[in-house]
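Visitor: can't give you the sequence, but here's the structure:
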């Protein structure tokens, strides 16, 4: 049975991604900063018939917490097939870049960028042991410099810190994919779309279940699929 670890999977898009992967036959580890919420999410999935799930405490902003999560996984599985860096925060608004406090920028980057980087670095050993490892970095269309430079949407301006963090995450995706070029790794950024979650006070226009589909698509991609790309459900996104 293939295995997957998803950060921030106790709710929202991460939770629905866990459900869909479990339904596909993966054993899914729900990463949650709050272990009680992680356990609650796992029990909810088990009650719905997805018994192939478990929860592991992880705070992606704490290197010791990440190391602990890796050690727990190493005692349970010989390798990890899929890592999904889903944990993220929006940060307080507005975030107009000309006035955004550096403290806020650091807080957002700590989870959305540095959290994904250090989680990947700590999990890479388990991933290398898999036959066809996959890494999906959950980004956003707001991370696209093309979108930001061409869009007239005034609502984007309140998410400048968040947008910057996702642009940085995309750069990490490209560099990591280049590093593992020629191997069986497939590493991509995915933009799930504007989804109704607590990240945006549930103002999104699609459900978490709909958003999770594109993440699952690239988490389960075959060896013919691209690596080092940036995708939404309709297809490739411009950086």
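Guide: Ah, there it is. Model, not experiment: these values are computed from the prediction. Numbering: from 1, shown residues only.
Visitor: separation between the most centrally placed residue in the chain and residue 151?
Guide: What sits nearest the mean C-alpha location of the chain, by C-alpha atoms, centre = their mean, is residue 86, with 2.1 Å. Distance, residue 86 to residue 151, using C-beta to C-beta, to the nearest Å: 24 Å. Just so you know, the C-beta spots here come from the backbone N, C-alpha and C atoms, and that holds for glycine as well.
Visitor: try residue 203
Guide: Residue 203 is 17 Å from residue 151, where distance means C-beta to C-beta.
Visitor: repeat that for residue 237.
Guide: Distance, residue 237 to residue 151, by C-beta to C-beta: 13 Å.
Visitor: now for the one helix or strand residue 210 maps to, which elements pack on it?
Guide: Assigned by DSSP states H and E, residue 210 belongs to helix 208-219. Counting contacts by 3 or more C-beta pairs under 8 Å, 6 or more residues apart in numbering; DSSP states H and E, helix 208-219 packs against helix 12-23, strand 82-85, strand 134-138, strand 186-190, strand 230-232.
Visitor: for that helix, what is the average pLDDT?
Guide: Here helix 208-219 scores 95 as its mean pLDDT.
Visitor: so it versus strand 186-190, what angle?
Guide: Angle, helix 208-219 to strand 186-190, by axes from the mean of the first three to the mean of the last three C-alpha atoms, to 10 degrees: 150 degrees.
Visitor: got a pLDDT number for the closest residue to residue 66 other than its chain neighbours?
Guide: Leaving aside its chain neighbours, residue 66 sits nearest to residue 122 (4.7 Å; criterion: C-beta to C-beta, 6 or more residues apart in numbering). Listed pLDDT for residue 122 reads 98.
Visitor: residues contacting residue 77?
Guide: 3, 27, 126 (C-beta atoms under 8 Å, 6 or more residues apart in numbering).
Visitor: hmm, the last one is touching residue 82, no?
Guide: No - counting by C-beta atoms under 8 Å, no contact exists between residue 126 and residue 82, whose distance comes to 10.7 Å.
Visitor: these two: which is more packed in?
Guide: Neighbours around residue 126 and residue 82, counted as other C-beta atoms under 10 Å, are more numerous at residue 82. The numbers are 28 against 20.
Visitor: name the residues linked to that one by a beta bridge.
Guide: Here residue 82 sits in beta bridges with residue 4, residue 134, going by DSSP bridges.
Visitor: wait, it sits on residue 132?
Guide: No - when contacts are counted by C-beta under 8 Å, residue 82 is not listed as touching residue 132 (9.5 Å).
Visitor: for residue 190, give me its contacts.
Guide: Counted by C-beta under 8 Å, 6+ apart, residue 190 has contacts 136, 137, 138, 139, 214, 215, 218, 230, 231, 232.
Visitor: dump those to JSON lines, plus distance to residue 58 and neighbour count.
Guide: Shown next, in JSON lines, are these (distance: C-beta to C-beta, whole Å; neighbours: other C-beta atoms under 10 Å):
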{"residue": "136", "distance to residue 58": "16", "neighbour count": "28"}
{"residue": "137", "distance to residue 58": "16", "neighbour count": "27"}
{"residue": "138", "distance to residue 58": "15", "neighbour count": "27"}
{"residue": "139", "distance to residue 58": "20", "neighbour count": "29"}
{"residue": "214", "distance to residue 58": "23", "neighbour count": "22"}
{"residue": "215", "distance to residue 58": "18", "neighbour count": "28"}
{"residue": "218", "distance to residue 58": "21", "neighbour count": "23"}
{"residue": "230", "distance to residue 58": "25", "neighbour count": "22"}
{"residue": "231", "distance to residue 58": "25", "neighbour count": "20"}
{"residue": "232", "distance to residue 58": "27", "neighbour count": "17"}
